[in-house]
Structures are given as structure tokens and as C-alpha cells.
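1. Pasting a predicted model and its sequence here:
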Amino acid sequence: MTQDIFIRSSIDPIKPLTGIEPKKAESGTSTEGTSFGAVLKDAIQDINNLQNDADKAIANVQLEDAGSIHDAMIALEKAGISFQVMMQVRNKILDAYQEVMRMQV
């Protein structure tokens, strides 16, 4: 004779997150027609802007004594991390390209 054992769990089922919505396109622009190259170019431009901001913050601290060293270090870290992420994305893109080139048609 088998005996069924039921264990009651106090775990609630997974509920959808509320209050989090995807980023919407700015008025007048459409993300449907945006090419991969344009997205990549925009990302590189943003990283370049972060690098330039870090350079300006360092110059303010060194030359003008007007800037905060804390702000300069934060700007440097933002620029450094974004550059590292860009390099990792580049490596993944190159790996994917090489994998596609190895495929036999």
C-alpha cells in the first residue's frame, strides 16, 4: 500500500515585475530602422565622450585647481569601465564573425 505525502510550500509563485518598462524611443526617432552599425557608432561616440569628460576633469584638477579629485576619479573609472565593456563586446563580435566564416556552405 502506497502512502501519498503532500508537502505544503510557503513559496509564492513568480509574479511579473511591475513598474519596470523598456526604454521607449525618443519622439521623432524610430528604433526599427536603426542599423547595427549606427548603434555601434553611437556607443563608441558615447564612450569617446566619457573619455573626453575624464580628460577635462583631470585637467581641471591639475591646471585650474577648480575641480574635485573625487569627481575626476569617478569620471576616470566610468571611462575605464565603459572602454573595457566596449573591448569585450568587440571581442564577442569578432568571435561571432570568425565562427560564421568557419561555417561550410
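-> Now that the structure is in, tell me what you want to look at.
2. For residue 62, report the pLDDT, please.
-> The model reports residue 62 with a pLDDT of 87.
3. which residues touch residue 33?
-> Residue 33 makes contact with no residue, according to Cβ atoms under 8 Å, 6 or more residues apart in numbering. Placement of C-beta: from N, CA and C, glycine included.
4. Residue 39 versus that one, what's the distance?
-> 11 Å (Cβ to Cβ, to the nearest Å).
5. Give me the nearest residue to residue 58, chain neighbours excluded.
-> Excluding the flanking residues, the one nearest residue 58 by Cβ to Cβ, 6 or more residues apart in numbering is residue 72, at 5.2 Å.
6. from what I can see the one you found touches residue 54, true?
-> Yes: counting by Cβ atoms under 8 Å, residue 72 touches residue 54, with 7.3 Å between them.
7. Go ahead and report the secondary structure state at residue 66.
-> Residue 66 falls in the coil class when you classify it by DSSP: H, G, I helix; E, B strand; the rest coil.
8. In space, what's closest to it - neighbours in sequence excluded?
-> residue 60 (5.1 Å).
9. and what of residue 82?
-> Nearest residue to residue 82 in three dimensions, chain neighbours excluded: residue 47, at 4.8 Å (Cβ to Cβ, 6+ apart).
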